[in-house]
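> With the input below, show me the fold.
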Amino acid sequence: MKTYANDGSAHFNALLLELKHEFSRSFMVDTQYRLSHSVDSGSSPYQNPFYEFNVATQMGTSDYDVRHAFKVFGVWSPTIFKAATVG
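From the prediction side, this is the model:
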C-alpha cells in the first residue's frame, strides 16, 4: 500500500547587505547583495521519500537555492517645474 503526504520541511538562511548613495537631490543609486542557502526535504509536492521511516535523510540543497544575488539600480527624478515661492 502506497501513501502520499505533503509533510516536507525547509530551512532558509540569508545575509542581506545594502548600500545606498544619493548623488544629488534628483539621483540615487542602490546596491543590494544577498548570500543565502535553502535546504529542504523535497522541492516538489508529494515526493516519495528515499527512506520512508526517516524523512530527515531526505534533506539537501533546494531546487530553488540561489547562493549569490546582486542588484544595482538607480532612481532619477528630474525637476520639471520648480515650486512657486510665496513671498
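
> Apart from its chain neighbours, what residue comes closest to the residue minimising distance to the centre of the chain?
Centroid-nearest residue in the chain: residue 34, 7.4 Å away (criterion: C-alpha atoms, centre = their mean). Once flanking residues are discounted, residue 34 sits nearest to residue 69: 4.3 Å by C-beta to C-beta, 6 or more residues apart in numbering. (Glycine included, C-beta is placed from N, CA and C.)

> Return the distance of that neighbour relative to residue 15.
Using C-beta to C-beta, to the nearest Å, residue 69 is found at 11 Å from residue 15.

> can you list residues touching both of those two?
34, 36 (C-beta atoms under 8 Å, 6 or more residues apart in numbering).

> who has more neighbours, the two?
Taking other C-beta atoms under 10 Å, residue 69 and residue 15 do not tie; residue 69 has more neighbours (12 against 9).

> Tell me the buried residues in the helix or strand containing the more buried one?
With elements taken from DSSP states H and E, the one containing residue 69 is strand 68-76. For strand 68-76, the buried set under the neighbour-count rule, 16 or more other C-beta atoms under 10 Å, is empty.

> For that strand, what does the pLDDT average out to?
The average of the pLDDT scores along strand 68-76 is 95.

> Backbone dihedrals for residue 58, please?
Main-chain torsions, residue 58, degrees, to the nearest 10: phi -90, psi -10.

> Residue 21 is in contact with residue 29, correct?
Yes. Here residue 29 lies in contact with residue 21, judged by C-beta atoms under 8 Å, at a distance of 5.4 Å.

> Between those two, point out the one with more neighbours.
It is residue 29, of residue 29 and residue 21, that has more neighbours when counted by other C-beta under 10 Å, with 14 against 10.
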